[in-house]
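Just a sequence and a predicted model for now, questions to come.
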Amino acid sequence: MIARLVAKLPLSPRTILGPGDDCAILAPSPAPTLVTIDSMVEGIHFNLNWGTPEQLGARSLTVNLSDIAAMGGKPAACVINLAIRPGLTMPFFDRLYSGLRRTARESSVDVVGGNVTAASQLAITIALLGDSPARPLRRDAARVGDEIFVTGTVGDAAAGWRILAGKLRARGPARRHLLSRYLVPRARIDAGRRLATLRPAPAAIDISDGLLQDLGHILERSRVGAEIDPESIPTSKAYNELMGSDLSLALGGGEDYELLFCARPGHSERRLSRLLGIPVRRIGRIVRGRGIRLKGGAMPGIAGWDQLRSGN
Ligand SMILES: [Mg+2]
């Protein structure tokens, strides 16, 4: 089964020995190595009725790619552990791997090995290696006075998840947009690599748990606080159509895989958007102290943000 799944996977010259032996062999890279791992577990991170096996395969790799993007790195090679439960057929895994293979090819990742094990739930665990930039984007680099930016729009994936779970209703293009943001997320690899060319290197994180929660990780590691202006949070037309002025999913919903970063003052949104190749919005600033203050005080719907997140 392993042989069948890893056949046809493209390998770069850096892979000296690919799948099939006890270990893979990679040529050393001149750059320091980034290492990350993530699991997707059926019933916790995904539901097989919600998307195609191809989308699931792609998404399993994308969540790891996003962590490499959040360091400003270049993804290189991965190993995959597949925990298989009874009731799933070989054609299902062929399709899962075809989605995974496509994402690997698009992001120049070598799948250099894998393992298959029996389990009571389907789970896909991927360990991904990447090349670090000269100045990696660390969570502990935020300083008082930094401005906080976010790429793209936030809240779409959480809205998509709620549509699939039957908790929200949407139709037409808005529905399609929100579902695809959840089912087919994109990792901001190019944007991360360009962000790492700034000096000093910004503090950065990818938004997997939710904007407030992930910002909280930066604040904790950097021992600073933040002030956020809710009015400046970037949301999509589809999100606005569905949620109106309710920002609970934009602030608390995860899995958008956008980048949140803190840069020294003086960078305009326009210049950063041009540098990163995607829209960038300034949403607040780093201040002394701890925790996050929302400008304008509490907002309706915000109080429940961590419950919303843990719902997925
Ligand atoms: Mg992350």
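That came through, no problem. Because the structure is predicted, anything quoted here is derived from the model rather than measured.

wait, A127 sits on C78?
Yes: counting by C-beta atoms under 8 Å, A127 touches C78, with 6.3 Å between them. Quick note: C-beta positions are derived from backbone N, CA and C, even for glycine.

so what sits against both of these two?
N64 (C-beta atoms under 8 Å, 6 or more residues apart in numbering).

which of those two has more neighbours?
Here A127 and C78 are compared on neighbour count by other C-beta atoms under 10 Å; more neighbours surround C78, at 26 against 15.

My reading is that the more buried one is in a helix; is that accurate?
No: assigned with DSSP: H, G, I helix; E, B strand; the rest coil, C78 falls outside any helix and is strand.

helix, strand or coil for the residue nearest the centre of the chain?
Using C-alpha atoms, centre = their mean, the residue of the chain that lies closest to the mean C-alpha position is Y257, 3.1 Å off. Secondary structure, three-state DSSP: Y257 is coil.

Might you report the residue contacts of it?
With C-beta under 8 Å, 6+ apart, Y257 has these contacts: T62, V63, S66, A69, A157, P185, R186, A187, R188, D206, I207, S208.

do that again at 7 Å, thanks
T62, S66, P185, R186, A187, R188, D206, I207, S208 (C-beta atoms under 7 Å, 6 or more residues apart in numbering).

Which of the residues you listed sits closest to A123?
Looking at the contacts of Y257 and their distance to A123, the nearest is T62, at 16.2 Å (C-beta to C-beta).

Report whether the expected contact of that closest one with T103 is present.
Yes: contact criterion C-beta atoms under 7 Å: T62 and T103 qualify, at 6.2 Å.

Please tell me how far S120 sits from G73.
Note on S120: its distance to G73, by C-beta to C-beta, to the nearest Å, is 35 Å.

ugh, typo on my part, it should be A127
14 Å.

Same check on W161?
27 Å.

Also L183?
From L183 to G73 the distance is 25 Å (C-beta to C-beta).

Looking at those two, which is more packed in?
Higher neighbour count among L183 and G73: G73, with 27 against 19, using other C-beta under 10 Å.

so what's the more buried one closest to, chain neighbours aside?
G130 (4.0 Å; C-beta to C-beta, 6 or more residues apart in numbering).

quick one: that neighbour and C78 touch, right?
No: the criterion here is C-beta under 7 Å, and G130 misses it with C78 at 9.4 Å.

Could you give the number of residues near G20?
There are 11 residues near G20, going by other C-beta under 10 Å.

can you check the one 4 residues further on too?
A24 has 20 neighbouring residues, counting by other C-beta under 10 Å.

residue contacts, it?
T15, L17, G18, V112, G113.

Quick check: closest non-adjacent residue to the first one.
Just to be clear, that refers to T15. In space, T15 is closest to D110, 4.7 Å off (C-beta to C-beta, 6+ apart).

residues in contact with that neighbour?
Contacts of D110 (C-beta under 7 Å, 6+ apart): L11, S12, R14, T15, A76, A77.

Any idea how many residues pack against the second one?
For S12, the number of neighbouring residues by other C-beta under 10 Å comes to 14.

repeat for the fourth one
With neighbours defined by other C-beta under 10 Å, the count for T15 comes to 20.

repeat for the first one
The burial metric for L11, expressed as a neighbour count using other C-beta under 10 Å, is 17.

how near is it to A157?
Counting by C-beta to C-beta, the gap between L11 and A157 amounts to 31 Å.

As a check, name the ranges of all helices in this protein.
2-6, 53-69, 90-106, 156-164, 172-183, 189-195, 211-222, 237-243, 248-252, 269-276, 305-310 (DSSP state H).

Figure out which of the ones you listed is closest to I286.
helix 211-222 (7.6 Å).

Now do the closest one: which elements does it pack against?
strand 203-206, strand 225-228, helix 248-252, strand 259-263, strand 291-294 (3 or more C-beta pairs under 7 Å, 6 or more residues apart in numbering; DSSP states H and E).
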